[in-house]
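[1] Provided below for reference: sequence and predicted model.
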Amino acid sequence: MPYYKSNKPLTPVHSSTLTPMHLRKAKLMFFWVRYPSSAVLKMYFPDIKFNKNNTAQLVKWFSNFR
């Protein structure tokens, strides 16, 4: 079997946009932690460049899950 070099980066591409997959991951996280700290959010969403808008959106998601 030939070896093909992948052009995909090893680290995820950073974006400030939250996707429906991020919402799904946040819902699953909610079973483990109800009030995640910013450090926990950054650990679980390493592909996100956090700013005040997307941080507020994540906080809103967690408050709506309750």
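    Yes, it's here.

[2] For the rest of this, base every contact and every neighbour count on C-alpha atoms.
    Will do.

[3] contacting residues around the longest helix seen in the chain?
    In the chain, assigned by DSSP state H, the helix with the most residues is helix 52-65. By C-alpha atoms under 8 Å, 6 or more residues apart in numbering, the surrounding residues in contact with helix 52-65 are S16, T17, L18, L23, A26, K27, F30, R34, Y35.

[4] Can you give me every residue that contacts V33?
    Here V33 is in contact with no residue (C-alpha under 8 Å, 6+ apart).

[5] Tabulate the contacts of helix 52-65 (CSV), appending distance to T55.
    Formatted as CSV, those follow (distance: C-alpha to C-alpha, whole Å):
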residue, distance to T55
S16, 10
T17, 11
L18, 10
L23, 13
A26, 12
K27, 15
F30, 16
R34, 15
Y35, 13
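
[6] State the distance from the one residue sitting closest to the centre of the chain to F31.
    Residue closest to the mean C-alpha point of the chain, counted by C-alpha atoms, centre = their mean, is F45 at 2.9 Å. According to C-alpha to C-alpha, to the nearest Å, F45 and F31 sit 16 Å apart.

[7] go on, K42?
    Relative to F31, and taking C-alpha to C-alpha, K42 is found at 18 Å.

[8] Who has more neighbours out of the two?
    K42 (15 against 9; other C-alpha atoms under 10 Å).

[9] give me phi/psi at that one?
    K42 has phi and psi values of phi -70, psi -30 when expressed as degrees, to the nearest 10.

[10] Enumerate every residue touching it.
    K42 touches I48, F50, counting by C-alpha under 8 Å, 6+ apart.

[11] So which elements touch the one helix or strand K25 maps to?
    Secondary-structure assignment from DSSP states H and E places K25 in helix 20-30. Judged by 3 or more C-alpha pairs under 8 Å, 6 or more residues apart in numbering; DSSP states H and E, helix 20-30 is in contact with helix 52-65.

[12] pLDDT (mean, whole number) over the helix it packs on?
    Helix 52-65 shows an average pLDDT of 89 in the prediction.

[13] Using PDB, write out every CA atom in it.
    The C-alpha trace of helix 52-65 is given here as PDB (Å, rounded to 0.1, in the frame of the first residue of the first chain):
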ATOM      1  CA  LYS A  52     -16.200  38.200  24.300                       C
ATOM      2  CA  ASN A  53     -18.900  37.200  21.800                       C
ATOM      3  CA  ASN A  54     -18.300  33.500  21.500                       C
ATOM      4  CA  THR A  55     -17.600  33.200  25.200                       C
ATOM      5  CA  ALA A  56     -21.000  34.900  25.900                       C
ATOM      6  CA  GLN A  57     -22.600  32.500  23.500                       C
ATOM      7  CA  LEU A  58     -21.100  29.500  25.300                       C
ATOM      8  CA  VAL A  59     -22.200  30.900  28.700                       C
ATOM      9  CA  LYS A  60     -25.700  31.400  27.200                       C
ATOM     10  CA  TRP A  61     -25.800  27.800  25.900                       C
ATOM     11  CA  PHE A  62     -24.900  26.400  29.400                       C
ATOM     12  CA  SER A  63     -27.500  28.600  31.100                       C
ATOM     13  CA  ASN A  64     -30.100  27.400  28.600                       C
ATOM     14  CA  PHE A  65     -29.300  23.800  29.400                       C
END
